[in-house]
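Participant: Structural data only, the sequence is not supplied:
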């Protein structure tokens, strides 16, 4: 196989979120993979309850809680936090581009209008702007993860 | 810049918009801009008004998806952005890129070009080269502002464009009257926007499917988290790609689509 083609495949891989590419041409084949093993590839089934974009957190603890935090203290602490939920189906990104720093991290203070993340669907990029001033209590989704309509993305502890 | 390419003027654009049957909105015509989407975003923050339009001869920081650059040399291409009214149902904003692709394809067809749409909204010429791209940005959650950006390679030769791109002139001939083309794109987006609000997504989806590449064929989609292979069935109500895979039908909101090369000799 042409070395230029292989170089191009590597560039393609680097440019994407794909972990491994295998190409077969006649009897030749080449497999290019990143250092890390490929993660499970299935989309997690997520129940998409249609709901208002921002709403108070329900009492039950989320499965994303930090280790050690008891359900009681969590419920109490999150009672005042607001959820930021996905306004549409798509892929969630924490940064503007693969090389850029995340828009926000847990513990950051954000103002109304600050960008928290981006959701891409059909090449529409929806910038998730904060509708609250406060501290980012938790980020509930990973970078480049598929999200459903209404899926919680962030917990913000309003301040001020 | 070639001398035969006059810089756009706002008056000429307004005239072309009227002739194309577009609803007139505020217009900003620039020789050089960082990106027409960025310019319209700044303008929108101080109240640009519905259907505001930015047109530029050259972009110094033209953008594609996820921070990629969109090659934007001067000398005969089209870089424009428009600001439609805020969508009534933000959760269905993902239909807008397909709507914009249909409107742009129709405008190109009116100029005599043959255009194929690669899901969701790439505009390809007869040779498979990319004639243009559409970048739609929405800002906000509950009531997002939407900016539709269109970049079209009209006259700039492929040697000056990104790899895999070609100009309308190379692919389809024609004189490529850019103001007329821009006005037809704006008029088309406006007309489809109205159609969408009156009749829903179905007419847009039908018009999209009429120009869609690889319907019914084996395709490969490189998604952010996996690569899928299957038969392309079409699109769903949100504009997601419907793919018949060995494990059943899957819908895909994001991914790079390509025709799957069949294994075998050669």
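Facilitator: Nice, thanks for sending it over. As the structure is a computational prediction, the values presented were derived from the model and not from experiment.

Participant: Tell me which stretches of the chain form strands.
Facilitator: You didn't say which chain, so I picked chain A. Under the criterion DSSP state E, chain A carries strands at the ranges A:20-25, A:28-33, A:54-56, A:82-85, A:90-93, A:109-110, A:115-121, A:124-129, A:134-139, A:145-147, A:152-158.

Participant: my bad, chain B
Facilitator: Under DSSP E, chain B gives strands at B:27-33, B:52-59, B:78-83, B:116-118, B:122-124, B:130-139, B:145-152, B:218-222, B:227-235, B:241-245, B:248-252, B:256-259.

Participant: just those strands: most buried one?
Facilitator: strand B:78-83 (a mean of 26; mean count of other Cβ atoms under 10 Å in any protein chain shown). Every residue, glycine included, has its C-beta placed from N, CA and C.

Participant: elements contacting that strand?
Facilitator: helix B:36-45, strand B:52-59, strand B:145-152, helix B:178-199 (3 or more Cβ pairs under 8 Å, 6 or more residues apart in numbering or on different chains; DSSP states H and E).

Participant: do you know which of the ones you listed lies nearest residue B:259?
Facilitator: strand B:145-152 (23.2 Å; Cβ to Cβ).

Participant: Give the other helices and strands that the closest one contacts.
Facilitator: Strand B:145-152 packs on helix B:36-45, strand B:78-83, helix B:96-110, strand B:130-139, helix B:178-199, going by 3+ Cβ pairs under 8 Å, 6+ apart.

Participant: how about a cut-off of 10 Å?
Facilitator: strand A:124-129, helix B:36-45, strand B:52-59, strand B:78-83, helix B:96-110, strand B:122-124, strand B:130-139, helix B:178-199 (3 or more Cβ pairs under 10 Å, 6 or more residues apart in numbering or on different chains; DSSP states H and E).

Participant: Please convert the ones you listed to a markdown table, extending it with mean pLDDT and distance to residue B:242.
Facilitator: Formatted as a markdown table, those follow (pLDDT from 0 to 100; distance: least, Cβ to Cβ, whole Å):
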| stretch | mean pLDDT | distance to residue B:242 |
| --- | --- | --- |
| strand A:124-129 | 94 | 18 |
| helix B:36-45 | 94 | 29 |
| strand B:52-59 | 94 | 34 |
| strand B:78-83 | 95 | 29 |
| helix B:96-110 | 96 | 13 |
| strand B:122-124 | 94 | 18 |
| strand B:130-139 | 93 | 21 |
| helix B:178-199 | 95 | 20 |
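
Participant: can you put these in TSV and add distance to residue B:249?
Facilitator: Listed next are the helices and strands packed on strand B:145-152 as TSV, based on distance: least, Cβ to Cβ, whole Å:
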stretch	distance to residue B:249
strand A:124-129	23
helix B:36-45	34
strand B:52-59	39
strand B:78-83	35
helix B:96-110	19
strand B:122-124	23
strand B:130-139	26
helix B:178-199	25
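
Participant: To residue A:104, which of those lies closest?
Facilitator: Among these, strand A:124-129 sits nearest to residue A:104 (Cβ to Cβ), with 9.8 Å.

Participant: nearest to residue B:12, of the strands of chain B?
Facilitator: strand B:27-33 (8.5 Å).

Participant: ok, residues contacting the closest one?
Facilitator: Strand B:27-33 is contacted from outside by B:1, B:7-14, B:17, B:36, B:39-40, B:43, B:48, B:51-62, B:72, B:74, B:79-82, B:179, B:182, B:186, using Cβ atoms under 10 Å, 6 or more residues apart in numbering or on different chains.

Participant: how about a cut-off of 6 Å?
Facilitator: Outside strand B:27-33, the residues within contact range by Cβ atoms under 6 Å, 6 or more residues apart in numbering or on different chains are B:7-8, B:10, B:13, B:39, B:53-59.

Participant: Counting neighbours, what do you get for residue B:88?
Facilitator: Using other Cβ atoms under 10 Å in any protein chain shown, the number of residues around residue B:88 comes to 9.

Participant: One more: residue B:158?
Facilitator: 18.

Participant: coming back round to it: Serialize the strands of chain B to JSON lines and add fields for distance to residue A:92.
Facilitator: Formatted as JSON lines, the strands of chain B follow (distance: least, Cβ to Cβ, whole Å):
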{"stretch": "strand B:27-33", "distance to residue A:92": "30"}
{"stretch": "strand B:52-59", "distance to residue A:92": "28"}
{"stretch": "strand B:78-83", "distance to residue A:92": "25"}
{"stretch": "strand B:116-118", "distance to residue A:92": "24"}
{"stretch": "strand B:122-124", "distance to residue A:92": "23"}
{"stretch": "strand B:130-139", "distance to residue A:92": "14"}
{"stretch": "strand B:145-152", "distance to residue A:92": "19"}
{"stretch": "strand B:218-222", "distance to residue A:92": "18"}
{"stretch": "strand B:227-235", "distance to residue A:92": "19"}
{"stretch": "strand B:241-245", "distance to residue A:92": "18"}
{"stretch": "strand B:248-252", "distance to residue A:92": "15"}
{"stretch": "strand B:256-259", "distance to residue A:92": "18"}
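
Participant: What is the least confident helix or strand in chain A?
Facilitator: strand A:54-56 (a mean of 47; mean pLDDT, DSSP states H and E).

Participant: Grab the nearest non-local neighbour of residue B:191.
Facilitator: residue B:103 (7.4 Å; Cβ to Cβ, 6 or more residues apart in numbering or on different chains).

Participant: Thank you, goodbye.
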